[in-house]
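A.B. asks: Just need the structure, nothing else, for what follows:
(chains A and B)
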Amino acid sequence: NAGVMQNPRHLVRRRGQEARLRCSPMKGHSHVYWYRQLPEEGLKFMVYLQKENIIDESGMPKERFSAEFPKEGPSILRIQQVVRGDSAAYFCASSRDQGLYSGNTIYFGEGSWLTVV
Amino acid sequence: QQQVKQSPQSLIVQKGGISIINCAYENTAFDYFPWYQQFPGKGPALLIAIRPDVSEKKEGRFTISFNKSAKQFSLHIMDSQPGDSATYFCAASLASGTYKYIFGTGTRLKVLA
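C.D. replies: The predicted structure follows:
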């Protein structure tokens, strides 16, 4: 049973370019979450999506960042006009359900490391 | 009030020793406290988790101790092994949003052979 798959694992972009990060959740999981980890810091929640819906984007920067989880295909985190401060590891996670007492656990992928030069 | 404070930032332990990592929180509404283990270049992996209705949970060599009144919880790794060398993150979440974990800043553990 494959885990959460993220690609690319490493991405280098010049300032002003666009970065697209993809995430395929674990089989049977319909809830996807994106987290960002800045160097030497803990992970910070960005957005929670279900198929075709953004449920909670309270952690997303207001500009340049967007996320989607289409009916078919992986979830995509898109960063437009990247700046050096966007350099970070971006982790996708997925879960089967969303609820404290359902034994819910979120499983993280191995991350996509974005470097902006 | 949404922060989770984690200490120490780094920890060196001899093989066979006990590793102890502490976390403290302010928001009394938090009610799910997982610990994650992360190896370099990898994603965080769930290690063990606890809810505030119990004071301790043990899984193998890993134990979470939870002190609700002090709003603190800690991870104890018994008989620490070199393979345990990793970064450990505590986290907390609310029942209304169990996906929206608030992570601590991490503890880099090194177990000496």
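A.B. asks: and residue B:9, how many neighbours?
C.D. replies: The local packing of residue B:9 (other CB atoms under 10 Å in any protein chain shown) involves 10 other residues. Where you see a C-beta, it was placed from the backbone N, CA and C, and this is true even at glycine.
A.B. asks: gap between it and chain A?
C.D. replies: Distance check for residue B:9 against chain A: by CB to the nearest CB, to the nearest Å, it reads 9 Å.
A.B. asks: Check residue B:12 too.
C.D. replies: For residue B:12, the distance to chain A - CB to the nearest CB - is 18 Å.
A.B. asks: Tell me where the model's unsure across chain B.
C.D. replies: B:1, B:95-98 (pLDDT under 70).
A.B. asks: can the worst-scoring helix or strand of chain A on mean pLDDT be found next to chain B?
C.D. replies: The helix or strand of chain A with the poorest confidence is strand A:107-108; it has a mean of 89 (mean pLDDT, DSSP states H and E). Yes - using CB under 8 Å from any CB of the partner chain, strand A:107-108 reaches chain B at A:107, A:108.
A.B. asks: now the strands: where do they sit in chain B?
C.D. replies: Listed in chain order, the strands of chain B (DSSP state E) span B:4-7, B:10-14, B:19-25, B:30-38, B:45-50, B:56-59, B:62-67, B:72-77, B:86-94, B:97-103, B:107-112.
A.B. asks: could the ones you listed be laid out in TSV, adding mean neighbour count?
C.D. replies: Listed next are the strands of chain B as TSV, based on neighbours: other CB atoms under 10 Å in any protein chain shown:
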stretch	mean neighbour count
strand B:4-7	19
strand B:10-14	14
strand B:19-25	20
strand B:30-38	21
strand B:45-50	17
strand B:56-59	12
strand B:62-67	18
strand B:72-77	20
strand B:86-94	23
strand B:97-103	21
strand B:107-112	18
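A.B. asks: closest to residue A:93 out of these?
C.D. replies: Closest of the strands of chain B to residue A:93 is strand B:97-103, at 7.7 Å (criterion: CB to CB).
A.B. asks: what does the closest one contact?
C.D. replies: Applying CB atoms under 8 Å, 6 or more residues apart in numbering or on different chains, the contact partners of strand B:97-103 are A:31, A:33, A:35, A:42-45, A:48, A:56, A:58-59, A:93, A:95, A:98-100, A:104, A:106, B:2-4, B:25, B:30, B:32, B:34, B:36, B:89-94.
A.B. asks: Out of the strands of chain B, flag the one nearest residue A:26.
C.D. replies: Proximity to residue A:26 (CB to CB) singles out strand B:45-50 among these, at 12.8 Å.
A.B. asks: which bits of chain A sit near chain B?
C.D. replies: Within chain A, the positions near chain B by CB under 8 Å from any CB are A:4, A:31, A:33, A:35, A:40-45, A:48, A:56, A:58-59, A:91, A:93, A:95, A:98-101, A:104-111.
A.B. asks: okay, and for chain A, where does confidence drop off?
C.D. replies: For chain A (pLDDT under 70), the answer is A:1, A:98-104.
A.B. asks: and the residue positioned nearest the centre of it, what does it touch?
C.D. replies: Nearest residue to the geometric centre of chain A (CA atoms, centre = their mean): residue A:34, 3.1 Å. The contact partners of residue A:34, taken as CB under 8 Å, 6+ apart, are A:23, A:46, A:47, A:49, A:67, A:75, A:77, A:90, A:91, A:92, A:93.
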